[in-house]
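Trainee: Pasting a predicted model and its sequence here:
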Amino acid sequence: MTVQDIRAFNRFYTNVIGALDYSRHLYAPYTLTESRVLYELAHSSRTDAVDLRTELSLDAGYLSRILNKFEQDGLVERTPSRSDPRRRRITLTARGRETAALLAERADESVGALLATVPPPDRPRLADAMHTVRAILSDGRPPHGREDVVLREPGPGDLGWIVQRNAALYAAEYGFNADYEGLVARIVADFAEDHDPHLERVWIAELDGRPVGCVMCVRDEAPATARLRLLLVEPDARGLGIGDRLVTAVVDFARGVGYRDLVLWTNDVLGSARRIYQRHGFVLLAEKPHRSFGKDLVGQDWRLDLQGTGE
């Protein structure tokens with residue numbers, strides 16, 4: 001293979017996907033780069049400009065011009081980061097989320113139309129070839145990114161998977177005993193037997209055709225309050241922003257159906273999950289030591305005001 005072989009392939013593929021005239025391709029006033037920035041913002045509830053620039057390998061001035069355009073169009077808000085005032089945090093507005101969703105829908109339709117031209121017997125070969133290219137050019141790293149993760153509703157067997165993986169992971173990582181599995185089984189059984197699909201949901205994160213994460217949103221005893229439960233991400237799928245996407249899904253759903261508050265209970269040993277909750281604006285209400293699951297723990301109650309700004 002020569003440099004010219006790769007350049008020829010690049011010219012061919014960018015023409016196939018309409019990269020040179022992406023705005024016309026999707027009937028939208030945004031270029032391929034602008035659409036990708038919107039995609040990244042839509043899949044992370046809070047993103048610092050520095051992190052966004054690093055993730056996409058963009059020039060600082062170029063990214064700034066894109067964000068200025070988005071701000072003028074009412075798609076984003078820029079505020080100082082609470083953790084570092086020198087940084088600027090970028091958040092999608094409601095209009096920005098709608099625009100990102102519309103672009104994603106049109107991109108899906110475009111790719112679907114392209115895939116429809118490929119005979120079914122050739123599709124596995126095409127998928128294998130694309131995976132091979134990504135694997136070889138990823139320099140030995142797993143060729144996975146945020147775009148490979150799909151959030152979906154649970155199918156047959158997924159609720160049982162939630163129980164099994166919670167029990168196995170918490171035993172392996174925190175030494176929890178079978179009491180925890182019993183608790184998870186009761187939570188899942190209650191949902192399976194009696195839930196309001198308009199007010200309660202489960203999300204499964206899927207990667208390479210297998211579940212790698214989950215979360216639940218259920219009604220709480222308090223009026224107009226939802227409860228986030230059973231957030232989990234498989235160890236080999238961490239680092240792809242899956243936990244953040246799952247919590248974002250719960251927050252957006254709970255706010256969209258009219259809940260005023262979103263609450264959760266966790267334990268202080270779950271540091272990674274706790275940091276995700278804090279990034280989404282959850283506030284610690286109370287802490288209490290307890291003996292559960294064969295361990296001495298400190299339970300924590302957290303709350304997010306859904307009618308506020310999410311700070």
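Mentor: Noted; the coordinates are in hand.
Trainee: Make sure residue 307 is actually in contact with residue 260.
Mentor: Yes: using Cβ atoms under 8 Å, residue 307 is in contact with residue 260, at 5.6 Å. For every residue, glycine as well, the C-beta is placed using N, CA and C.
Trainee: between these two, who's got more neighbours?
Mentor: Just comparing residue 307 and residue 260: by other Cβ atoms under 10 Å the higher neighbour count belongs to residue 260, 15 against 11.
Trainee: which residues touch the nearest residue to that one once chain neighbours are set aside?
Mentor: Here the nearest residue to residue 260 in space, its sequence neighbours aside, is residue 224; by Cβ to Cβ, 6 or more residues apart in numbering that works out to 4.1 Å. Applying Cβ atoms under 8 Å, 6 or more residues apart in numbering, one finds that residue 224 lies in contact with 258-261.
Trainee: pLDDT weak spots in the stretch 101-250 of the chain?
Mentor: Along the stretch 101-250 of the chain, the parts satisfying pLDDT under 70 run over 139-147.
Trainee: Could I get the full set of strands for the stretch 151-300 of the chain?
Mentor: Using DSSP state E, counting those that start in this stretch, the strands of the stretch 151-300 of the chain run over 201-207, 210-219, 225-233, 261-267, 283-292, 295-305.
Trainee: Mind putting those into a markdown table with distance to residue 17 and mean neighbour count?
Mentor: Formatted as a markdown table, those follow (distance: least, Cβ to Cβ, whole Å; neighbours: other Cβ atoms under 10 Å):
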| stretch | distance to residue 17 | mean neighbour count |
| --- | --- | --- |
| strand 201-207 | 23 | 21 |
| strand 210-219 | 27 | 21 |
| strand 225-233 | 30 | 22 |
| strand 261-267 | 38 | 19 |
| strand 283-292 | 44 | 11 |
| strand 295-305 | 39 | 16 |
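Trainee: Now residue 161: closest residue in space that isn't a chain neighbour?
Mentor: Computed as Cβ to Cβ, 6+ apart, the closest residue to residue 161 that is not its neighbour in sequence is residue 211, at 5.5 Å.
Trainee: Ok, residue 220 next?
Mentor: Nearest non-adjacent residue to residue 220, counting by Cβ to Cβ, 6+ apart: residue 227, 4.3 Å away.
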